[in-house]
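Participant: Let me see the structure of the following:
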Amino acid sequence: MLRSLIKLAIFLVAGILVYNYFFGTPEEKAQSKEVFSDIKDLTKSAVGLLKSEKQKFDDGKYDDAVDKIGGLIDNLKGKAEQLEDNRDLLDQITVLQQKKNSLETKLGSPGVESYGEEGQRVVTDSAQRREIEEDWKELVNKTEQVMQDMEQRAAREQ
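Facilitator: Numbering: from 1, shown residues only. Next up, the predicted model:
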C-alpha cells in the first residue's frame with residue numbers, strides 16, 4: 001500500500017514537471033528545465049567518478065571504490081525518481097544495489113585481507129580476485145548503462 005502510494009507520488013511529481021515544462025508559466029518552465037539539467041549534470045559527473053573508482057578498484061583499493069559506487073547508485077535512484085515513466089530505471093537501480101551488496105559480501109569473505117591505515121582490502125586468492133574483478137566490471141558497466149538511459153530520458157523530456 002505504502003509502496004503504491006510512493007510510486008503514485010513519484011509519477012505525479014514527474015507528470016507535474018513535464019506539464020510545467022510544456023504548459024507552465026515561464027518560471028515553472030525554468031524550474032522544470034533546472035530539474036532536467038540537474039539529472040543530466042549528475043550523469044556526466046557520475047561517469048567521471050565511475051572511471052576513477054574503476055581505476056582504484058583495479059589497483060586493489062576495493063572498499064573505498066565499493067562505498068563510492070554505492071553512493072552513486074543512491075544518487076541515481078534519487079534522480080530517477082524525478083523522471084517520468086521511471087519504473088524500469090528504478091528496477092535497474094535495484095539490481096545494481098543487489099550486485100553491490102553481493103560484491104561487499106564477497107569482499108568480506110575469507111581470502112580477503114585488510115592492509116594499510118584505512119583498512120583497505122586486497123584479495124590474496126587469484127581465482128577469487130578474478131571473480132571479484134568480473135563482478136566489479138559488470139557493476140560498473142551496468143551503472144554506466146543506467147546513467148546513459150537516464151541522460152537520454154532527461155534529454156527527451158527537455
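Participant: And the spatially most distant residue from the centre of the chain, its phi and psi?
Facilitator: Distance from the C-alpha centroid of the chain peaks at residue 25, with 32.4 Å (Cα atoms, centre = their mean). Here is the backbone geometry of residue 25 (degrees, to the nearest 10): phi -70, psi 170.
Participant: what about stretch 76-85, how long is it end to end?
Facilitator: In stretch 76-85, first residue to last residue: 15 Å (Cα to Cα, to the nearest Å).
Participant: List the buried residues of it.
Facilitator: 76-77, 79-84 (16 or more other Cβ atoms under 10 Å). Where C-beta positions appear, they are placed from N, C-alpha and C, glycine not excepted.
Participant: Now do that stretch: everything it contacts.
Facilitator: When contacts are defined by Cβ atoms under 8 Å, 6 or more residues apart in numbering, stretch 76-85 is touched by residues 10-11, 13-15, 17-18, 35, 38-39, 42, 46, 86, 89-90, 93, 96-97, 143, 146-147, 150, 153-154, 157.
Participant: pLDDT (mean, whole number) over it?
Facilitator: In this model, stretch 76-85 has a mean pLDDT of 80.
Participant: And stretch 126-138, by the same measure?
Facilitator: Here the average pLDDT along stretch 126-138 is 81.
Participant: hmm, which of the contacts of stretch 76-85 are the buried ones?
Facilitator: For those, buried by 16+ other Cβ under 10 Å: 10, 14, 17-18, 35, 39, 42, 46, 86, 89-90, 93, 96, 143, 146-147, 150, 153-154, 157.
Participant: Mind listing what's buried along the helix or strand containing residue 155?
Facilitator: Using DSSP states H and E, residue 155 sits in helix 126-157. Judged by neighbour count using 16+ other Cβ under 10 Å, the buried positions of helix 126-157 are 128-129, 132, 135-136, 139-140, 143-144, 146-147, 149-151, 153-154, 157.
Participant: again, but for stretch 25-40
Facilitator: 28, 32, 35-36, 39-40.
Participant: Specify which member of these is nearest to residue 66.
Facilitator: residue 39 (24.2 Å; Cβ to Cβ).
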